[in-house]
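Trainee: Got a predicted model here, sequence first, then my questions.
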Amino acid sequence: MMRTKKGATGVALGAVVALAAAACSSSGGSGGTPSAGSSAAAGQKGGTLYMLNLGPHSGLDPQQTYIGADLEFASRVFARSLTTYTPGKDAKLIPDLATDTGTMSDGGKTWKFTLVDTAKWQDGQQVKCEDVKYGISRTFATDVISNGPTYILQYLDIPGKKDAAGADVAGYNGPYKGEGQDLYDKAVTCEGQNLTLHFKTPWADFNQAAASLAAFSPFRKDKDKGDKSLFDVFSNGPYMLEGTFDAAKGGTWVRNPSWDAASDPVRKAYPDKIVDVEGVTTEQIYQRMLADGGDDKTAITFQPAPASLLPQIVADPKAATRTTNPPAPYVDYVQPNVTSKVMSNPTIRQAFAMATNRDAYVTANGGKQVMEPSYAICNKTLKCYKDFNPFGAPTAGDPDGAKKVLTDAGIATPIAITVAYRKTPTRDKSFSALKETWDKAGFNVTLEGVTDKYYRTISSPAFKDRDAFYASWGADWPSGSTDIPPLLDGRINISAAGSNQDYGYFNDPDVHKAIDAAYLIPDADAREKAWGDIDEMISKKGGIIPLVNQKFVFMRGSAVKGYEENLLFGGYVDLANIAVK
């Protein structure tokens with residue numbers, strides 16, 4: 001959720017006094033204990049909820065939304081989807097615009113949904129199957145609709161074609177040009193309110209993708225303004241935009257008179273208004289939250305707390321009762337470049353992994369309240385998570401054991417390597433801490449901080465000679481299918497243009513075979529177990545070195561009720577039950 005879902009910037013909170021122990025399943029708590037949980041008081045209709053955010057906002061168009069907090073907001077406020085999640089910490093997949101969570105057939109290549117007849121757009125017109133079909137089609141217009149997830153381009157059963165130069169290109173380019181529309185109309189069909197999608201490869205958890213990504217939400221064709229639709233919202237949820245939305249300043253959401261609570265299984269829509277206030281710095285947000293005055297008593301935020309104010313939050317018992325510490329969806333990791341002269345040797349990759357000091361990385365980033373060590377690329381909140389330790393090294397690293405592995409293999413030390421990372425003051429400290437045990441193990445590490453367009457830079461061919469890369473990732477929906485293949489399937493990532501998201505050019509036939517087999521497993525629990533096994537397999541091959549799971553620290557106003565985070569929506573506040581009266 002996230003995940004952006006393409007890699008978090010992280011919660012760089014610095015060294016602060018220790019917060020009280022966090023509990024991921026308790027309420028807001030008392031006695032100064034921040035936790036993940038909820039304010040238990042039941043809500044009533046009325047009042048205004050304020051949302052304080054940094055901004056500027058990246059957009060409200062469902063097909064162009066790919067940031068975790070924005071996806072959660074859209075889902076609960078104005079963009080219903082085929083399926084959704086129940087609120088809170090024990091969220092489950094349920095129907096939303098569809099009558100059930102979908103029917104899968106043909107080994108996961110075909111999905112069918114029936115839309116309810118009771119959902120309405122803000123002008124009172126029924127939400128139809130054709131609206132969902134049209135919404136999905138917009139993602140294919142990559143020259144007009146951008147920045148959203150592109151899974152559907154890879155999966156949907158639409159044949160490609162050759163261009164004038166003989167290169168493979170898409171056979172369908174979205175609804176605006178009309179080219180290839182017949183191909184799309186075969187892949188996505190509507191018969192009344194019955195929607196059928198045909199995929200060229202199995203997509204056994206598509207119904208979870210539909211709940212997590214607004215790209216699969218309906219969009220009315222007669223309301224589409226193409227690239228001018230970024231902030232032009234036409235709602236089918238409980239709220240609609242009042243006037244216009246300013247990306248730098250925000251906007252106001254009021255009740256959608258065509259929304260019927262009886263037709264909606266999740267959203268309580270207690271507040272009369274939601275005022276989104278953009279352009280407030282994170283420090284200002286939390287200073288206001290601490291003061292808890294005026295309208296800020298009914299305020300929330302999607303911005304995690306900054307380092308500078310955490311000591312004040314901890315020292316104030318009243319503030320601590322309004323503070324939560326939920327797991328974040330993001331996993332920080334280092335990926336060795338298996339094509340580099342040094343890291344092409346699996347023994348060197350093993351030694352490098354063994355010497356990695358996760359404890360020092362956690363301390364440099366602010367301590368156990370902002371992250372916890374992990375050996376898996378699957379987040380600990382997901383069913384694909386498997387508790388393993390590929391080489392037996394402790395979380396503090398084992399530089400002596402790593403050096404012995406190199407010595408026993410006859411590998412001369414020191415081994416000169418370059419590690420690229422996304423440069424910030426906190427990461428300067430955290431990677432200096434990692435370098436210490438790497439160097440003790442027999443490496444001579446050069447740290448290369450990159451500030452401009454980090455992910456685009458490290459995935460380019462110009463960076464292929466570096467030996468390892470920092471990255472961070474959060475699953476797009478709660479499945480290993482959005483961790484393992486997007487990051488570590490070389491077949492869908494690696495090209496002459498670079499590594500895409502497989503920054504270390506990991507391209508292993510054994511892993512490819514296991515990925516293909518996992519996609520075909522019909523049972524969800526068994527499928528997630530398979531993703532966890534693949535996670536372990538890749539780590540044992542030295543293909544990736546997960547470091548930590550991130551955590552958030554949030555505050556809310558004292559008059560906010562029904563507050564709860566939703567781990568399946570990225571650990572952000574869930575607006576389904578929130579109230580201010």
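Mentor: In hand now; what should we look at?
Trainee: Quick check: longest strand in this protein by residues?
Mentor: Secondary structure of the chain read by DSSP state E shows that its longest strand is strand 327-336.
Trainee: Return the backbone torsion pair for residue 383.
Mentor: Backbone torsions of residue 383, given as degrees, to the nearest 10, read phi -70, psi -20.
Trainee: same thing with the one 10 residues further on?
Mentor: According to degrees, to the nearest 10, the main-chain angles of residue 393 amount to phi -80, psi 140.
Trainee: Spatially nearest residue to it, not counting backbone neighbours?
Mentor: Counting by Cβ to Cβ, 6 or more residues apart in numbering, residue 354 is the residue found nearest to residue 393 once chain neighbours are left out, at 4.2 Å. C-beta here means a position set from N, CA and C on the backbone, and glycine is covered the same way.
Trainee: and stretch 200-210, which residues are buried?
Mentor: Buried residues in stretch 200-210, counted by 16 or more other Cβ atoms under 10 Å: 202, 203, 204, 205, 206, 207, 208, 209, 210.
Trainee: Residue 107 versus the first one, what's the distance?
Mentor: Remark: distance between residue 202 and residue 107 (Cβ to Cβ, to the nearest Å) = 5 Å.
Trainee: Need the residues touching each of the two.
Mentor: When contacts are counted by Cβ atoms under 8 Å, 6 or more residues apart in numbering, residue 202 and residue 107 have residue 520 as shared neighbours.
Trainee: ok, the residue nearest to residue 393 touching residue 391?
Mentor: Yes. The criterion here is Cβ atoms under 8 Å, and residue 354 meets it with residue 391 at 4.9 Å.
Trainee: okay, these two: which has more neighbours?
Mentor: For residue 354 versus residue 391, the count of surrounding residues by other Cβ atoms under 10 Å is larger for residue 354: 26 against 18.
Trainee: OK, contacts around that one?
Mentor: Under the criterion of Cβ under 8 Å, 6+ apart, the contact list for residue 354 reads 391, 392, 393, 397, 398, 399, 401, 402, 405, 441.
Trainee: same deal with residue 512?
Mentor: The neighbours of residue 512, taking Cβ under 8 Å, 6+ apart as the test, are 489, 490, 491.
Trainee: Which of those fall within helices?
Mentor: With DSSP state H as the criterion, helices contain 490, 491 from among these.
Trainee: Quick check on the contacts of residue 512: which are buried?
Mentor: Burial by neighbour count, 16+ other Cβ under 10 Å: within these this picks out 489, 490.
Trainee: nearest to residue 418, of the contacts of residue 512?
Mentor: Using Cβ to Cβ, residue 490 is the member of the contacts of residue 512 that sits closest to residue 418, with 21.6 Å.
Trainee: so what's the closest one up against?
Mentor: With contact taken as Cβ under 8 Å, 6+ apart, residue 490 is in contact with 502, 505, 506, 507, 508, 512.
Trainee: swap the cut-off to 7 Å and go again
Mentor: 502, 505, 506, 507 (Cβ atoms under 7 Å, 6 or more residues apart in numbering).
Trainee: related to what we said a few turns ago, for my notes, please list the contacts of residue 512 in CSV and give distance to residue 170 for each entry.
Mentor: As requested, the contacts of residue 512 are arranged in CSV below (distance: Cβ to Cβ, whole Å):
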residue, distance to residue 170
489, 20
490, 21
491, 18
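Trainee: Redo the contacts of residue 512 as a markdown table? Include pLDDT.
Mentor: Written out in a markdown table, the entries for the contacts of residue 512 read as follows (pLDDT from 0 to 100):
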| residue | pLDDT |
| --- | --- |
| 489 | 96 |
| 490 | 95 |
| 491 | 93 |
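Trainee: which one among the contacts of residue 512 gets closest to residue 580?
Mentor: Out of the contacts of residue 512, the one with the shortest distance to residue 580 is residue 489. That distance is 45.5 Å, counting by Cβ to Cβ.
Trainee: so where do the helices sit in the stretch 451-581 of the chain?
Mentor: For the stretch 451-581 of the chain, the helices defined by DSSP state H, counting those that start in this stretch cover 454-458, 484-488, 490-493, 509-519, 524-540.
Trainee: Also the stretch 151-300 of the chain?
Mentor: With DSSP H, counting those that start in this stretch as the criterion, the stretch 151-300 of the chain has helices spanning 151-155, 181-187, 206-212, 282-291.
Trainee: State the distance from residue 316 to residue 561.
Mentor: Residue 316 is 20 Å from residue 561, by Cβ to Cβ.
Trainee: Neighbour count: those two, which is higher?
Mentor: For residue 316 and residue 561, the more surrounded residue by other Cβ under 10 Å is residue 561, and the numbers stand at 21 against 15.
Trainee: I'd say the more buried one and residue 322 touch.
Mentor: No. Taking Cβ atoms under 7 Å as the definition, residue 561 is not a contact partner of residue 322, at 11.6 Å.
Trainee: Low-confidence ranges, this protein, go.
Mentor: Filtered on pLDDT under 70, the chain yields the residue ranges 1-42, 167.
Trainee: residue farthest from the centroid of it?
Mentor: Summary for the chain: using Cα atoms, centre = their mean, the residue whose C-alpha lies farthest from the chain's mean C-alpha position is residue 410, with a distance of 42.3 Å.
Trainee: so where does that residue fall, helix or strand?
Mentor: Residue 410 is part of no helix or strand, with elements assigned from DSSP states H and E.
Trainee: give the contact list for it.
Mentor: Taking Cβ under 7 Å, 6+ apart as the definition of contact, residue 410 has no neighbours.
Trainee: any idea how far it is from residue 345?
Mentor: Looking at residue 410 against residue 345, where the rule is Cβ to Cβ, the gap reads 11 Å.
Trainee: what's downstream of the helix or strand hosting residue 407, the next helix or strand?
Mentor: Counting by DSSP H and E, the element that carries residue 407 is helix 399-408. Downstream of helix 399-408, the next assigned helix or strand under DSSP H and E is strand 415-422.
Trainee: What lies in contact with that following strand?
Mentor: For strand 415-422, the external contacting residues (Cβ under 7 Å, 6+ apart) are 342, 348, 427, 431, 442-450, 454, 458, 463, 466-470.
Trainee: and that strand, which strands flank it?
Mentor: Based on DSSP bridges, the pairing partners of strand 415-422 within the sheet are strand 443-450 (parallel), strand 468-474 (parallel).
Trainee: The ones you listed into JSON lines, with extra columns for distance to residue 360 and mean neighbour count?
Mentor: Converted to JSON lines, the strands paired with strand 415-422 look like this (distance: least, Cβ to Cβ, whole Å; neighbours: other Cβ atoms under 10 Å):
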{"stretch": "strand 443-450", "distance to residue 360": "14", "mean neighbour count": "18"}
{"stretch": "strand 468-474", "distance to residue 360": "14", "mean neighbour count": "24"}
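Trainee: wait, which of the ones you listed is closest to residue 172?
Mentor: Distances from residue 172 to each of these were compared using Cβ to Cβ; the shortest belongs to strand 468-474, at 28.8 Å.
Trainee: and the angle for the closest one with strand 327-336?
Mentor: Relative orientation of strand 468-474 with respect to strand 327-336: 160 degrees, computed using axes from the mean of the first three to the mean of the last three Cα atoms, to 10 degrees.
Trainee: Kindly export strand 468-474 (C-alpha atoms) in PDB.
Mentor: Written as PDB, here are the backbone C-alpha positions of strand 468-474 (Å, rounded to 0.1, in the frame of the first residue of the first chain):
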ATOM      1  CA  ALA A 468      24.800  -3.500  -4.400                       C
ATOM      2  CA  PHE A 469      21.700  -1.200  -4.100                       C
ATOM      3  CA  TYR A 470      19.500   0.000  -1.300                       C
ATOM      4  CA  ALA A 471      15.700  -0.100  -2.000                       C
ATOM      5  CA  SER A 472      12.400  -0.200  -0.100                       C
ATOM      6  CA  TRP A 473       9.200  -1.900  -1.100                       C
ATOM      7  CA  GLY A 474       5.600  -2.400   0.100                       C
END
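Trainee: That one: how far from the chain's middle?
Mentor: Counting by Cα atoms, centre = their mean, to the nearest Å, strand 468-474 is centred 13 Å from the centre of its parent chain.
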